[in-house]
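In: Just to be clear, the model below is a prediction. Sequence and coordinates:
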Amino acid sequence: MAVDSVSMQLFLAPQDVPRPHLTSVSDPIEFNTHTLAETISRLLKVYQPHAKKAGVQLTIQLDPAAATQPAGLTYTLLANALINAIDAAARSTENHHTPQVDVAITHTNTGITLTVSDTGPGIDPCVMDAQGNIRPGASTKHNNPGVGLVVCRQIAADLDGSLKLTNRTGGGAVFTMHAPRYAMA
């Protein structure tokens, strides 16, 4: 599976597809001491059933060189990206294909790159400015304060990293976060 970037969509799943509750796993703060492989395993326990119920195919590609790296604050980033990508892919009916969410975690010379992409409708322009920055408080969800992406961007900044949101050609969104290796410990 080739993933060129990570995507995250800001749409709710259909009403008959409940969002998972994180009470089924330990407090996310605990994940700061786990490896990326352990964090992915825990995230799958929470989000795989949600994806399956929503009819979304979820694939994860974890670079073996990244698997043993400390997860740090990536649990929060990945959880936010996953739930939004699954919801977006589930809402997309325009492309007449199986809704898909792809996650790729790669180890580079400079650090770790997390990519989440979906086949949903793409990121609504109302939540981003022309430079791709998240507008604080902007949300396409009803009764939602619109802070999830802002929190993700702040976490990336705290890790001396970067967060990029883009729309894919042909539909869907990509969420890409890169963090230097030293910041993940």
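Out: Looks like it arrived, so ask away. Numbering: from 1, shown residues only.
In: for I60, what are its contacts?
Out: By Cβ atoms under 8 Å, 6 or more residues apart in numbering, the contact set of I60 is 40, 44, 102-105. The way it works is simple: take the backbone N, C-alpha and C, and place the C-beta from them, glycine included.
In: Okay, and the residue nearest in space to the middle of the chain sits in which element?
Out: In the chain, the centroid-proximal residue (Cα atoms, centre = their mean) is A81; its distance is 1.9 Å. In the assignment (DSSP states H and E), A81 maps to helix 74-91.
In: again, but for L44
Out: helix 36-54.
In: what does L165 give?
Out: Going by DSSP H and E, L165 is part of strand 162-167.
In: Read off the pLDDT value for the residue nearest to the centre of the chain.
Out: Looking at A81, its pLDDT stands at 88.
In: Would you confirm that it contacts S117?
Out: No - under the criterion of Cβ atoms under 8 Å, A81 is not in contact with S117, lying 9.5 Å apart.
In: picking up where we left off before, quick check: the gap between the residue nearest to the centre of the chain and L114.
Out: To L114, A81 is 8 Å away according to Cβ to Cβ, to the nearest Å.
In: If we go by neighbour counts, what in the helix holding L44 is buried?
Out: By neighbour count on 16 or more other Cβ atoms under 10 Å, the buried set for helix 36-54 is 36-40, 42-43, 46-48, 50-51, 54.
In: Tabulate these in JSON lines, adding columns for pLDDT.
Out: Converted to JSON lines, the buried residues of helix 36-54 look like this (pLDDT from 0 to 100):
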{"residue": "L36", "pLDDT": "90"}
{"residue": "A37", "pLDDT": "92"}
{"residue": "E38", "pLDDT": "92"}
{"residue": "T39", "pLDDT": "90"}
{"residue": "I40", "pLDDT": "91"}
{"residue": "R42", "pLDDT": "90"}
{"residue": "L43", "pLDDT": "90"}
{"residue": "V46", "pLDDT": "90"}
{"residue": "Y47", "pLDDT": "92"}
{"residue": "Q48", "pLDDT": "93"}
{"residue": "H50", "pLDDT": "91"}
{"residue": "A51", "pLDDT": "93"}
{"residue": "A54", "pLDDT": "91"}
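In: which one of these is nearest L159?
Out: L36 (13.5 Å; Cβ to Cβ).
In: residues in contact with that closest one?
Out: L36 neighbours (Cβ under 8 Å, 6+ apart): 62, 66-71, 74, 105, 112.
In: Can you name the two of the contacts of I60 that sit furthest apart?
Out: Largest separation among the contacts of I60 by Cβ to Cβ: L44 and A104, giving 14.5 Å.
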